[in-house]
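Engineer: Let me see the structure of the following:
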Amino acid sequence: MDFHTDFKPLTVQPQEIEGKSFNMIDEEFGDHDFTQEEYKVVQRVVHASADFELGHSMLFHDKAIQAGIEAIRNGEQVYADVQMILSGVSKGRIEKYGGSVNVYISDPDVMEEAKRLNTTRAIISVRKAIQQFEGGIFAIGNAPTALLELIRLIKEGIAKPSLVIGLPVGFVSAPESKEELAKLDVPFITNVGRKGGSTITVAALNAISLLAEKA
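Structural biologist: Residues are numbered from 1 along each chain as shown. Reported below is the predicted structural model:
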């Protein structure tokens, strides 16, 4: 294939592109203290972001990987704070075990309740999620308020997620929400600082589902 440019790509084969990308990440990432399975998550986070600083900022509860694998293989449900996560995640690997990815942010009852209480839809959607299913994986990449509400509900013993992937991006409350998550004794995957986002959360969730498929 000729792109009619001076630069010629090394390959146009998707699997080769991914493989070469991972090789480059391995070469450039440098020293780290992640376990082999944690690094699989970090690797995909860097692949999605091209951001090595973000990769090095990742934090894992010591039971996070195993908890995520077991949740997926047991067919537990996944809650996502925004539609973008639903669009990006490899749903087939979750659905093959009986799970599904659920987004409530635009549900009419969520919007109505958020308006009535003068609060964010993200907060109300978390409350709805814990009423819909027990355990599960909570994947939060956009709304710090969703993560803070989940933390509150965990502390009160109302929510008992199997795994929290808390990687919201932003300036207002995003770093602080992740700091609070890292204080909890529940399985979590998060990072330090403002960086994060839905695509990063998708990368982490996809990495967990790949590990579950190979377990």
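Engineer: okay, now Glu53: neighbour count?
Structural biologist: Neighbours of Glu53 under the rule other CB atoms under 10 Å: 12. For every residue, glycine as well, the C-beta is placed using N, CA and C.
Engineer: just the strands in the protein please.
Structural biologist: Assignment of strands within the chain using DSSP state E yields the ranges 58-60, 78-80, 101-103, 137-140, 163-166, 188-191.
Engineer: Lys91: which of those is closest?
Structural biologist: Of all the strands of the chain, it is strand 101-103 that lies closest to Lys91, at 5.7 Å by CB to CB.
Engineer: Partner strands of that closest one, with direction?
Structural biologist: Under the criterion DSSP bridges, strand 101-103 sits next to strand 78-80 (parallel) in its sheet.
Engineer: and the partner strand, how far out from the chain's middle?
Structural biologist: On the basis of CA atoms, centre = their mean, to the nearest Å, the separation between the geometric centre of strand 78-80 and that of its chain is 9 Å.
Engineer: buried stuff in that strand?
Structural biologist: Across strand 78-80, burial judged by 16 or more other CB atoms under 10 Å covers Val78, Tyr79, Ala80.
Engineer: Specify the beta-bridge partners of the first one.
Structural biologist: Bridge pairing for Val78 (DSSP bridges) gives the partners Val101, Ile137.
Engineer: For Phe29, see how far away it is.
Structural biologist: Here Val78 is placed at a distance of 28 Å from Phe29 (CB to CB, to the nearest Å).
Engineer: and what of Arg121?
Structural biologist: Arg121 sits 37 Å away from Phe29, going by CB to CB.
Engineer: Next: Met84.
Structural biologist: Taking CB to CB as the measure, Met84 and Phe29 are separated by 26 Å.
Engineer: now Ser209
Structural biologist: Separation of Ser209 from Phe29 (CB to CB): 22 Å.
Engineer: Between Arg121 and Phe29, which is the more surrounded one?
Structural biologist: Between Arg121 and Phe29, counted using other CB under 10 Å, Arg121 has the larger neighbour count: 23 against 16.
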